[in-house]
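Asks: Compute the structure for the input listed below.
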Amino acid sequence: MPSVSTQITWIVVGYAALVAVLAIVVAARGLERPSWLDQMAWMLQLLLVVRALAGLGPLLGDDHPDSTSTYVGYLFAAVCVLPIAIRSVDGDRATWSSAVLAVAAVAVGVIAVRLEMTA
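Replies: Prediction:
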């Protein structure tokens, strides 16, 4: 049975993919960024914080990651990328702001997978 952090990782990856697909659909249709997309992005951020907290287990336990600096870097990046992207498009509701959120969602999904690979 997979560990709790692995299960959380796959939930994060699936939700990040959902956010990315919906953001791409909104951008492709040429619509302004809807408020529900912002809410989904913040929910993804909450999931990333939960994943980061679960990711502290290997650092505090006896089973340390092979490369601690890489692992800590992924933990840090996972919780920083999305708020930076959201903040950068905060005042802009234009079509391309949805594309920025799509790229950020894909990025945090990849970071979550890389975090799991380095654990």
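
Asks: The closest residue to L47 other than its chain neighbours in helix, strand or coil?
Replies: Sequence neighbours aside, V12 is the residue nearest to L47 in space, at 4.9 Å (criterion: C-beta to C-beta, 6 or more residues apart in numbering). Bear in mind the C-beta positions are built from the backbone N, C-alpha and C, glycine included. Secondary structure for V12, judged by DSSP: H, G, I helix; E, B strand; the rest coil, is helix.

Asks: Check what pLDDT V12 gets.
Replies: Listed pLDDT for V12 reads 97.

Asks: residue boundaries of the helices in the chain?
Replies: In the chain, the segments counted as helices under DSSP state H are 4-28, 35-60, 68-88, 95-118.

Asks: For the residue nearest to L47, list the residues it contacts.
Replies: By C-beta atoms under 8 Å, 6 or more residues apart in numbering, V12 lies in contact with 44, 47-48, 51, 108-109, 112.

Asks: Quick check: it vs A85, distance?
Replies: The gap separating V12 from A85 is 16 Å, by C-beta to C-beta, to the nearest Å.

Asks: and what of H64?
Replies: Distance of H64 to A85, computed by C-beta to C-beta: 31 Å.
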